[in-house]
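How does the following fold in three dimensions:
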Amino acid sequence: MQDIPNDHLTVDTVPTPDADWPLIGAFAKTFNGDFYAGSPARAAEIAAGQRHGTLSELRTCLFYEWRRYRAVGIDPDDRTMGYVHELLDKIRGKLEKGERD
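Here you go, the predicted structure:
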């Protein structure tokens, strides 16, 4: 998948709750959280603070989780997958409300 700007993102693009990690990862990398945040360190701050106020913050958190697990070469544990699915649910919710910030 290529980058998908927020204004082109649709609910149908967001992986469903039964999606596996490879599909979620493919979606996560459609948004460059480092670019949005201004640096990898700032993206990490957004992710560590679990800032979920905007669509871009949610996508940054998801991007960060994808990158973190890709770096260590393992799939996320059940707890992390629960958090990832929470992020996806919130992303879908923002899109359903027309919030694309």
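
rest of the way, CA atoms for contacts and neighbours
Noted.

Can you read off the pLDDT for the residue nearest in space to the middle of the chain?
Nearest to the mean C-alpha position of the chain, counting by Cα atoms, centre = their mean, stands L62 at 2.4 Å. Listed pLDDT for L62 reads 98.

Now do the contacts for the nearest residue to it once chain neighbours are set aside.
Spatial nearest neighbour of L62, excluding adjacent residues (Cα to Cα, 6 or more residues apart in numbering): A28 at 5.8 Å. Residues in contact with A28 (Cα atoms under 8 Å, 6 or more residues apart in numbering) are R59, L62, F63, W66.

Quick check, the second one in contact with E86.
No - here L62 does not reach E86: they are 9.9 Å apart, not a contact under Cα atoms under 8 Å.

Okay, now the unreliable bits of the chain?
1 (pLDDT under 70).

before we move on, the earlier item: quick one: what helix or strand has the residue nearest to the centre of the chain in it?
Remark: L62 resides in helix 55-72, with elements defined by DSSP states H and E.

Now tell me what touches that helix from outside.
Residues outside helix 55-72 that contact it (Cα under 8 Å, 6+ apart): 6, 25, 28-29, 31-34, 36-37, 43-44, 46-47, 50-52, 75-76, 84, 87, 90-91, 94, 99-101.

Show me the residues you listed that map onto helices.
By the criterion of DSSP state H, membership of the contacts of helix 55-72 in helices covers 25, 28, 33-34, 36-37, 43-44, 46-47, 84, 87, 90-91, 94.

which one among the contacts of A28 gets closest to P17?
P17 has its nearest neighbour among the contacts of A28 in L62, at 14.2 Å by Cα to Cα.

Fine by me, thanks again.
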